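In: Have a look at this prediction, sequence included:
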Amino acid sequence: MAAARAEPFQVALASLRERIHEGAYRPGARIAATDLADELRLSTTPVREALSRLAGEGLLEDRRGQGYFVRLPNALDIADLYRLSLAHLLIAQEPHRPLRRALSAAAPENPPDQNAIRRVDRLMLLWVAESGSRALISAFRLVQVQLGIVRRLEPELIADIEEEADQLDTLVDADRTARLASLRHFHGRRMRLAEPLAALLTRPP
């Protein structure tokens, strides 16, 4: 019975995450639970539960009495999210920290249709997972979710994003010192782009 109740919630949660990540809802836009429930052919209860979950994850803003709105990060928010992403990776890849699994053996090949952003997100999550720390993995996943709305805009400002992803792929079997240098460069580049990324989020449709 519990599993049956959970299914509509998971459908609503997955749909909302995907729509926000893909830009179906503009930053600052209000999401009406009743409209979304009608679209998904669900009751409003699981949809409201999913909206509440995403507000807890920082993707949405719960404005009491007004509803849920897609969070609109400013330049400082964006820079800090990239800093947090880098901090998690630096902790996970600290040279004297024991690895909990061999990445090259654990990671399946990238699907041929996977874009550069998804490839890099997956690779960095695996590098964090090498730490074996559930707390670190959970914190990193949350930052990835919050950055999703920003990261999809990176190709508009970074011309060589595919080549950058290819270069990171070559570090799967590299020593951690080489990885750390590339990770600092990757995140530093984006921190410097925080203001233009924030401007892209607020441009007219």
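Out: Cool, the structure landed.
In: Sketch out the strands for the protein, chain order is fine.
Out: 30-31, 60-63, 67-70 (DSSP state E).
In: Output the last one as CSV, restricted to C-alpha atoms.
Out: Taking C-alpha atoms only, strand 67-70 is exported to CSV below (Å, rounded to 0.1, in the frame of the first residue of the first chain):
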residue,chain,number,x,y,z
GLY,A,67,2.9,29.1,-4.1
TYR,A,68,6.1,27.6,-5.4
PHE,A,69,8.5,29.5,-7.7
VAL,A,70,11.6,28.4,-9.6
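In: What is it packed up against?
Out: strand 30-31, helix 44-56, strand 60-63 (3 or more CB pairs under 8 Å, 6 or more residues apart in numbering; DSSP states H and E). For the C-beta atoms, the positions are set from N, CA and C on the backbone; glycine is no exception.
In: One more: the first one?
Out: In terms of contact count using 3+ CB pairs under 8 Å, 6+ apart, strand 30-31 is assigned the packing partners strand 67-70.
In: contacting residues around the strand it packs on?
Out: If you take CB atoms under 8 Å, 6 or more residues apart in numbering as the criterion, strand 67-70 is touched by 20, 25-33, 51, 54-55, 59-63, 149.
In: sorry, back to before: any chance of a markdown table for the strands of the chain, columns mean pLDDT, mean neighbour count and distance to Leu42?
Out: Output for the strands of the chain, formatted as a markdown table (pLDDT from 0 to 100; neighbours: other CB atoms under 10 Å; distance: least, CB to CB, whole Å):
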| stretch | mean pLDDT | mean neighbour count | distance to Leu42 |
| --- | --- | --- | --- |
| strand 30-31 | 93 | 17 | 14 |
| strand 60-63 | 93 | 16 | 17 |
| strand 67-70 | 93 | 20 | 16 |
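In: Figure out which of the ones you listed is closest to Arg141.
Out: strand 60-63 (16.7 Å; CB to CB).
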